[in-house]
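Visitor: Give me a 3D structure for the following:
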Amino acid sequence: MPLDILTVPCLSDNYAYVVKGPDGVCLIDAPEAGPIIDALEEKGWNPGVLMLTHHHHDHVGGVAELREKYGLKVMGPKAEEAKLPPLDLALEEGTNGGEGEGYTVPLSVPGHTLGHMAFHFPNGGAVFTADSLMALGCGRVFEGTMEMMHNSLQKLAALPPETVVYSGHEYTSANARFALTVDPDNEALQARAKEVAEARAANQPTAQVKLSVELATNPFLRCADPSIRAHLGMEGAKDAEIFAELRRRKDAF
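Guide: Numbers count the residues shown, from 1 in each chain. As a prediction, this is how the structure comes out:
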């Protein structure tokens, strides 16, 4: 059976995800409990697992209430275990689990935080990236290095292009405005920026997108692109140096 994925808006601009597969229902991140409980009750679903991507409060604020209500098992990156709510299972790369389309592969993608994880469902064609790869952008580099974040994005960029990326925040409009300043001649980006503006005007989420679209339009995945390099005046720089300059510019945008 294909995955049934619910996108749940939380707080001011966060997303949680509810994933129903052949082996049950799991949650990805818990910014706050209320909207997640409402989504579950509307479907009549009972979650068994909550997987956390990283320790920031806007991704874990609802854990205690959800654990108490559903008795679910909480999992998260072992590298951040000391900063996370109590874990029933600390995850590392290789701690794979699930069945069929629900088979889950934790990926280490440090940069935003040192232990940040993404959760790849290879048989279900989905990856949940939270604050690593984001629609038309990426998370700020708070704890890691620019090179670390660049390497994490390259790991995600190597997934099958038909994979749908589910990221953690509704930042796409602002990301599109920045992307156009460094890749202004990209027709695919121009078209996508228009689509994003129309979707947001209709209050539709835009942080869920195929990786193939990201590869064509997200400047943080396009550090080797000659037009971006020329625009930055950095034709001979290494890809990681291009990424660092893009991230610095975005931080000040």
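
Visitor: alpha carbons only for contacts and neighbour counts from here, please
Guide: Fine.

Visitor: Buried residues in the longest helix anywhere in the chain, which are they?
Guide: Secondary structure assigned by DSSP state H gives helix 187-201 as the longest helix of the chain. For helix 187-201, the neighbour count (16 or more other C-alpha atoms under 10 Å) marks 189-190, 192-193, 196-197 as buried.

Visitor: Could you tell me how far stretch 245-252 lies from the centre of the chain?
Guide: From the chain centre to the centre of stretch 245-252 is a distance of 19 Å (C-alpha atoms, centre = their mean, to the nearest Å).

Visitor: tell me the mean pLDDT over it?
Guide: Summarised as a single mean, pLDDT over stretch 245-252 is 98.

Visitor: Check stretch 215-234 too.
Guide: 97.

Visitor: if we can go back for a sec, counting by contacts, list what the next helix or strand after the longest helix of the chain packs against.
Guide: Counting by DSSP states H and E, the next helix or strand C-terminal to helix 187-201 is strand 208-210. With contacts taken as 3 or more C-alpha pairs under 8 Å, 6 or more residues apart in numbering; DSSP states H and E, strand 208-210 sits against strand 164-167.

Visitor: Could you save the buried residues of helix 187-201 as TSV and add columns showing pLDDT?
Guide: Shown next, in TSV, are those (pLDDT from 0 to 100):
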residue	pLDDT
Leu189	98
Gln190	98
Arg192	98
Ala193	98
Val196	98
Ala197	97
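
Visitor: How much space separates His59 from Phe253?
Guide: 24 Å (C-alpha to C-alpha, to the nearest Å).

Visitor: ignore the last one, Ala199
Guide: Distance check for Ala199 against Phe253: by C-alpha to C-alpha, it reads 23 Å.

Visitor: returning to what we had before: and His59 and Phe253? which has more neighbours close in?
Guide: His59 (24 against 11; other C-alpha atoms under 10 Å).

Visitor: and the more buried one, that one's in a strand?
Guide: No - going by DSSP: H, G, I helix; E, B strand; the rest coil, the assignment for His59 is helix, not a strand.

Visitor: returning to what we had before: which other residues reach the longest helix of the chain?
Guide: Helix 187-201 is contacted from outside by 172-173, 176-177, 179-180, 183-184, 205-206, 216-218, using C-alpha atoms under 8 Å, 6 or more residues apart in numbering.

Visitor: can we see that at 7 Å?
Guide: Residues from elsewhere that reach helix 187-201 (C-alpha atoms under 7 Å, 6 or more residues apart in numbering): 173, 176, 206, 216-217.

Visitor: Could you turn the buried ones of those residues into a PyMOL selection?
Guide: In PyMOL, a selection of the buried entries from these looks like this (16+ other C-alpha under 10 Å):
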select buried, resi 173+176+206+216+217
